[in-house]
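K.L.:
how would this look folded up:
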Amino acid sequence: MNSSVAIGLLLYFVTHIIIWFQVNGQFVWPWAKANPWLMSALGLPISYILIIATKYIVAGFDGLLWPGRLVGFGSGMIVMAILTWCILGEGISTKTLVSLALATTLVFIQILWK
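P.N.:
Model prediction:
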């Protein structure tokens, strides 16, 4: 994996973590539930980081856009499953486990398949 892909992937993971708290914070903290407009203000920095992440991913995949979209989707699925399980205690069913395995496979296919 080249450094552009590594940086882009790291930024995707960071933004998906922030997005998880932005969208699901209402189920964790009463403050977040009472202040959806303030939580939505996180959208601007999230969008900026995603633009930068996409720039790195596209550069790392020689100008191709599709690998970045698939890596972004897969990384979002991985973050969603882990944080929902760890923070909200929502178990991982067989269906979710299979979906998570497919998302992980998708990320690895895009990164490792030349």
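K.L.:
alpha carbons only for contacts and neighbour counts from here, please
P.N.:
Fine.
K.L.:
stretch 61-70: which residues count as buried?
P.N.:
Buried residues in stretch 61-70, counted by 16 or more other CA atoms under 10 Å: Phe61, Pro67, Gly68, Arg69, Leu70.
K.L.:
and stretch 47-66, by the same measure?
P.N.:
Under 16+ other CA under 10 Å, the buried positions of stretch 47-66 are Ile49, Leu50, Ala53, Thr54, Lys55, Tyr56, Ile57, Val58, Ala59, Gly60, Phe61.
K.L.:
again, but for stretch 3-12
P.N.:
Ser4, Val5, Ala6, Ile7, Gly8, Leu9, Leu11, Tyr12.
K.L.:
surely the second one touches Ile57?
P.N.:
What that stands for is Val5. Yes. Contact criterion CA atoms under 8 Å: Val5 and Ile57 qualify, at 5.0 Å.
K.L.:
got the contact list for the worst-scoring helix or strand of the chain on mean pLDDT?
P.N.:
Ranking every helix and strand in the chain by mean pLDDT, DSSP states H and E puts helix 94-112 at the bottom, with a mean of 88. Identification of contacts with helix 94-112 by CA atoms under 8 Å, 6 or more residues apart in numbering yields Met1, Val5, Pro67, Leu70, Val71, Phe73, Gly74, Ser75, Met77, Ile78, Ala81.
K.L.:
now the buried residues of stretch 61-70 as CSV including distance to Phe108 and pLDDT?
P.N.:
What follows is the buried residues of stretch 61-70, written out as CSV (distance: CA to CA, whole Å; pLDDT from 0 to 100):
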residue, distance to Phe108, pLDDT
Phe61, 13, 94
Pro67, 11, 91
Gly68, 12, 90
Arg69, 13, 90
Leu70, 10, 88
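K.L.:
closest to Gly89 among those residues?
P.N.:
The shortest approach to Gly89 among the buried residues of stretch 61-70 belongs to Leu70, at 27.1 Å (CA to CA).
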